[in-house]
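Enquirer: 3D, please:
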Amino acid sequence: MTKGPENLPETSMRLLEIFAAMMGQRTTVATAESLGISQPAVSAGLRQLEAQLGLTLFERTGRHLEPTLEARNLYEEIRPLFGIVRSFAMRARDLRNGRVGRLRVIATPPPGYSVIPQAMRGFLDTRPDVTVSFDVRRLDNVLHAVSTGQADVGIGLASGRVPNVNTEELLLGQMVALLPRDHPLARQETVEVSALTGERFIGIDQESYLGRMVAQAFEEAHVTYHPQIETRYCQTAASLAASGMGVCIVDPWSAQPYLDGETGGGSLVARPLAQNCPVRCMMFTRRGVPHSGLLKIFMEEMRRATAALEIPGLVSARATTAPGDS
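Expert: This is a model prediction of the structure:
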């Protein structure tokens, strides 16, 4: 007895999958092989589907099962469904492999204008369907964006572990004196801040973390800190130094574009400070939120790009995760 439409039980995708495969293979053995299941499971699935529908779907002709007219009509109804399923599976695979999606990246200026473009190029070259939102802000803005979920990942220079976000140390550096190539101090391996007395000095805004560090180095050396020019960012100070406006103390990432030689394109040299002025390039992610496949791949590109840097003042390329982060 044929069941009325109101009495039909829900048909599982697995049974429809067996039915669709059988329409193409015409034998239970071939269908089982194509689906990676046993031949009895195929036969049982077809019997169950026929019982649910109250229809005969296949009739045996020799070694093959020929679909009935009802089966052909039903197959035409579900063919678009399997196209959707295949598209869904491919989309899931691309998301898993980081081939599609949107990534939100935020950074402080030093890594934002140096290492991140290198990492982003490697990340996007093989991912034409991925888009990236990228912004450069001060450290407080970076940490706020990551902790509130406005950005997926942040990169910035910090003194160490910071609260409310996961932190990973990408690279440890030392502040450097940025000098003309023919400057007498350029012949030294390290530079004392006291040796910069009498130079036209380009300082960093002391409201910033790096600016306070430079001022403290002068204070600890009992040398008056009196910059003739003061800027908000290390990149600006480095640019002014490259224009012959004076000398400055900046992080090694900001110095890199202005260096003479293979690692840079300018006529300046960078010499690490003799005083201990460590600066860490850190990667920040939101706590309690799993990393997407896309984010994991970008983070690996960041590790690779920072490990490949060769800049005076970078004293360690060992990436570590701060204890207790999750």
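Enquirer: for the rest of this, base every contact and every neighbour count on C-alpha atoms.
Expert: Noted.
Enquirer: neighbouring contacts of stretch 174-193?
Expert: Contacts made with stretch 174-193 from outside it, assessed by Cα atoms under 8 Å, 6 or more residues apart in numbering, are listed as 217-218, 221, 223, 238, 241-242, 244, 247-252, 255, 260, 267-279, 312-315.
Enquirer: next: stretch 16-27.
Expert: In this structure, residues lying in contact with stretch 16-27 by Cα under 8 Å, 6+ apart are 28, 31, 34-35, 42, 45-46, 63-67, 75, 79.
Enquirer: please repeat the previous calculation with a cut-off of 6 Å.
Expert: 31, 64, 65 (Cα atoms under 6 Å, 6 or more residues apart in numbering).
Enquirer: residues touching the closest residue to residue 103 other than its chain neighbours, list them.
Expert: Closest residue to residue 103 apart from its sequence neighbours, by Cα to Cα, 6 or more residues apart in numbering: residue 132 at 4.8 Å. Under the criterion of Cα under 6 Å, 6+ apart, the contact list for residue 132 reads 102, 103, 104.
Enquirer: that older thread, which of the contacts of stretch 174-193 are buried?
Expert: With neighbours counted by 16 or more other Cα atoms under 10 Å, those contain buried members at 217-218, 223, 238, 241-242, 247-252, 255, 260, 267-275, 277-279, 312-314.
Enquirer: among those, which are located in strands?
Expert: In strands, defined here by DSSP state E, the members of these are 247, 248, 249, 250, 268, 269, 270, 271, 272, 278, 279, 314.
Enquirer: would you list every one of the helices in the stretch 151-300 of the chain?
Expert: Taking DSSP state H, counting those that start in this stretch as the test, the helices found in the stretch 151-300 of the chain are 209-220, 234-242, 252-255, 293-307.
Enquirer: run the chain-centre distance for the first one.
Expert: Between the centre of helix 209-220 and the centre of its chain there are 32 Å (Cα atoms, centre = their mean, to the nearest Å).
Enquirer: quick one, phi psi at residue 69?
Expert: Comment: the main-chain dihedrals of residue 69 come out as phi -60, psi -40, following degrees, to the nearest 10.
Enquirer: and it, how far is that from residue 121?
Expert: Residue 69 is 56 Å from residue 121, where distance means Cα to Cα, to the nearest Å.
Enquirer: same thing with residue 286?
Expert: Between residue 286 and residue 121 the computed distance is 24 Å (Cα to Cα).
Enquirer: before we move on, what about residue 166?
Expert: For residue 166 relative to residue 121 (Cα to Cα), the value is 25 Å.
Enquirer: looking at the two, which one has more neighbours?
Expert: Under the criterion of other Cα atoms under 10 Å, the comparison of residue 166 against residue 121 puts residue 166 first, with 23 against 12.
Enquirer: give the bridge partners for that one, please.
Expert: When bridges are assigned using DSSP bridges, the partners listed for residue 166 are residue 285.
Enquirer: so it sits against residue 283, correct?
Expert: No - under the criterion of Cα atoms under 6 Å, residue 166 makes no contact with residue 283, lying 8.0 Å away.
Enquirer: hang on, the earlier thing: would TSV of the helices of the stretch 151-300 of the chain with mean pLDDT and distance to residue 84 be doable?
Expert: Conversion of the helices of the stretch 151-300 of the chain to TSV gives the following (pLDDT from 0 to 100; distance: least, Cα to Cα, whole Å):
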stretch	mean pLDDT	distance to residue 84
helix 209-220	90	53
helix 234-242	92	50
helix 252-255	88	48
helix 293-307	90	23
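Enquirer: of all these, which one is nearest residue 59?
Expert: With Cα to Cα as the measure, helix 293-307 is the member of those nearest residue 59 (47.0 Å).
Enquirer: mind listing what's buried in that closest one?
Expert: Those buried within helix 293-307 under the rule 16+ other Cα under 10 Å are 293-295, 297-299, 301-307.
Enquirer: elements contacting that helix?
Expert: If you count contacts as 3 or more Cα pairs under 6 Å, 6 or more residues apart in numbering; DSSP states H and E, helix 293-307 packs onto helix 115-124.
Enquirer: which neighbouring elements make contact with the helix it packs on?
Expert: Contact here means 3+ Cα pairs under 6 Å, 6+ apart; on that basis helix 115-124 packs against helix 293-307.
Enquirer: now do the helix it packs on: distance to the chain's middle.
Expert: The chain centre lies 5 Å from the centre of helix 293-307; the measure is Cα atoms, centre = their mean.
Enquirer: and stretch 53-73, by the same measure?
Expert: On the basis of Cα atoms, centre = their mean, stretch 53-73 is displaced by 52 Å from the centre of the chain it belongs to.
Enquirer: what's the first-to-last distance across that stretch?
Expert: Taking Cα to Cα as the criterion, the two ends of stretch 53-73 lie 13 Å apart.
Enquirer: list the buried residues in it.
Expert: Using 16+ other Cα under 10 Å, the residues of stretch 53-73 that count as buried are 53, 55, 56, 57, 58, 65, 66, 67, 71.
Enquirer: tell me how far the fourth one lies from residue 85.
Expert: Using Cα to Cα, we find residue 57 at a distance of 23 Å from residue 85.
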